[in-house]
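Asks: coordinates for the following, if possible.
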Amino acid sequence: MNMDNRRYNVNARSLPVSNALHGSSTVISELEPLHRRSDVVLNEQGLPRHSGCTRLKKLVHKSKIRFGTWNVGTLNCKSVEVVGVMIQRKINILCLQETKWRGEEAKDIQGFKLWYTGKVSARNGVGIIIDKEWKRNVVEVSRIGDRIIFLKMIIGRETVNIVSAYAPQVGIEASLKELFWEDLEGLIRHIPQNEKIFIGGDFNGHVGREAGQYARVHGGFGFGELNNEGQTLVDFSLAYDFKIANTCFKKRDEHLITYKSGASRSQIDFLLVRNTDRRLCKNCKVIPGDAVTTQHRVLVLDVCIMSKIQKRRQVVTPRIRWWQLKGEKQDIFKRNLLDKGIWESQGSANIIWEDMAKKIWEVAKVVLGESKGLVREIRSLGGGIIVYRTKSSIRRTVLKPYICVTMRKIGRGTVWLRKKLRELWVKLVLKLLKNFIRTLRRRKESKIFIRLPRVGKENQEI
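Replies: From the prediction side, this is the model:
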């Protein structure tokens with residue numbers, strides 16, 4: 001089959017209330033070759049083997065998160081405005097510096113949650129604020145003085161560590177600078193290598209415009225000239241294999257400058273990630289124009305964390321084969337119970353009953369055996385499962401694929417339409433199974449159960 005014919009035979013699944021199946025995605029396009037179109041599937045790789053079902057298997061889950069760092073100057077009378085900026089700029093996690101709040105506490109601000117630390121209400125202080133969606137994922141909080149705060153989160157199957165840091169300014173005593181970097185290094189050393197780290201902070205240093213000999217940590221798109229404080233940050237990144245994220249994307253100067261006061265412009269706020277996680281970073285830039293602070297600007301980093309989806313385990317419930325309690329096995333069962341001394345228990349009625357039930361259960365397992373159990377989970381692509389019990393075993397059979405196609409169509413439209421479609425689907429299934437049930441009854445099967453997905457009752461006995 002040539003390419004022109006294949007373009008019209010593409011089985012692509014469109015979103016509800018869309019015209020993707022009748023639009024330009026399935027016809028010849030003169031603007032772009034078909035194999036470069038992301039909305040067209042030609043070879044159907046990754047699709048289940050069920051005929052007529054073209055739903056892709058989703059093996060990984062993408063969590064799109066926007067991190068940010070911002071020196072707010074002070075949080076006094078600004079906390080609500082900061083939350084407003086996060087909502088407007090769609091920032092999920094924001095590292096704050098110079099909060100100037102005293103104490104080591106957590107506070108709810110319009111549904112967002114802020115963890116902060118500070119010793120003096122007039123200077124320093126750092127914090128991390130997280131939105132409504134991700135605040136429940138925080139499992140650990142650690143504070144080191146009034147310049148470093150650390151959060152540990154679980155995102156999917158990944159462990160993510162967020163650090164907000166505020167380095168001493170130029171002119172501060174060298175001993176305080178050394179203490180800050182020692183505390184930060186000690187924190188990083190205790191984080192396992194398989195966990196992700198995002199460090200956002202005001203490091204009060206310039207890393208330079210070009211990477212030079214520091215291409216391992218510098219992306220080559222910085223601003224300003226390298227100074228002593230910036231050299232310390234570069235050395236720290238080299239020692240612990242970090243990448244300075246806001247030097248990895250080519251931007252205009254307006255989207256690189258994090259501090260602007262009159263004629264003074266500089267890049268002193270940075271976001272650091274591990275080199276192994278550099279591929280997760282999709283974009284990093286400064287967002288100018290927010291009036292909450294007059295000098296510092298908010299720096300954001302878009303991250304896409306990929307986590308593998310765990311396969312659901314089949315839950316089985318083994319059952320004792322009580323239907324085999326007859327004939328010779330019945331006599332063996334009685335003798336084994338008498339040998340166990342089932343009537344010799346003493347104590348209260350509850351203790352006697354528990355002891356008797358335990359002994360009966362143990363003897364039944366040995367004499368009658370256990371079945372493998374029924375699969376309780378219904379697969380999302382499996383349609384329905386018919387479960388019927390014969391005289392000797394319990395059997396299952398899966399409905400035909402066209403039932404799955406019918407079920408896939410349910411879910412589009414209004415609530416009333418979905419309800420009606422479900423009712424019609426149940427009637428259709430019962431009608432299609434009429435001959436099958438009659439066949440089983442002719443064989444004198446004891447009981448028949450039909451398990452239908454997304455219906456009021458999971459099991460319906462007929």
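
Asks: contact partners for the closest residue to Asn76 other than its chain neighbours?
Replies: The shortest distance from Asn76 to any non-neighbouring residue, by C-beta to C-beta, 6 or more residues apart in numbering, is to Lys100 (6.6 Å). For glycine as for every other residue, the C-beta is placed from the backbone atoms N, C-alpha and C. By C-beta atoms under 8 Å, 6 or more residues apart in numbering, Lys100 lies in contact with 73-76, 118, 120-125.

Asks: so for stretch 112-123, mean pLDDT?
Replies: Stretch 112-123 carries an average pLDDT of 92.

Asks: and that stretch, which residues are buried?
Replies: 112-118 (16 or more other C-beta atoms under 10 Å).

Asks: all helices of the stretch 51-200 of the chain, in order?
Replies: Counting by DSSP state H, counting those that start in this stretch, the stretch 51-200 of the chain has helices at residues 79-89, 174-189.

Asks: format those as TSV; extra columns: distance to Ala349 and mean neighbour count.
Replies: Listed next are the helices of the stretch 51-200 of the chain as TSV, based on distance: least, C-beta to C-beta, whole Å; neighbours: other C-beta atoms under 10 Å:
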stretch	distance to Ala349	mean neighbour count
helix 79-89	61	17
helix 174-189	60	14
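
Asks: if we can go back for a sec, just the closest of the buried residues of stretch 112-123 to Ile342, please.
Replies: Of all the buried residues of stretch 112-123, Ile342 sits closest to Lys113, with 58.3 Å by C-beta to C-beta.

Asks: so what's the closest one bridging to?
Replies: Applying DSSP bridges to Lys113 yields these beta-bridge partners: Asp108, Ile130.

Asks: do Ile244 as well
Replies: Leu272.

Asks: was I right to think it contacts Phe221?
Replies: No: in this structure, Ile244 is not within contact of Phe221 by C-beta atoms under 8 Å, at 9.9 Å.

Asks: can you tell me what sits against the one helix or strand Phe333 maps to?
Replies: Phe333 is located in helix 328-340, with elements delineated by DSSP states H and E. For helix 328-340, contacts defined as C-beta under 8 Å, 6+ apart pick out 325, 359-360, 362-364, 366-368.

Asks: now stretch 145-154
Replies: 115-120, 124-128, 130, 134, 137-144, 159-168, 180, 183-184, 187.

Asks: ditto for stretch 202-211
Replies: Here stretch 202-211 makes contact (C-beta under 8 Å, 6+ apart) with 69, 71, 97-98, 165-170, 218-234, 244, 247, 266-270, 296.

Asks: so which bits of that stretch are buried?
Replies: For stretch 202-211, burial by neighbour count (16+ other C-beta under 10 Å) applies to 202-209, 211.

Asks: walk me through the domains of the protein.
Replies: 1-45, 61-308, 322-367, 385-461 (automatic domain parsing).
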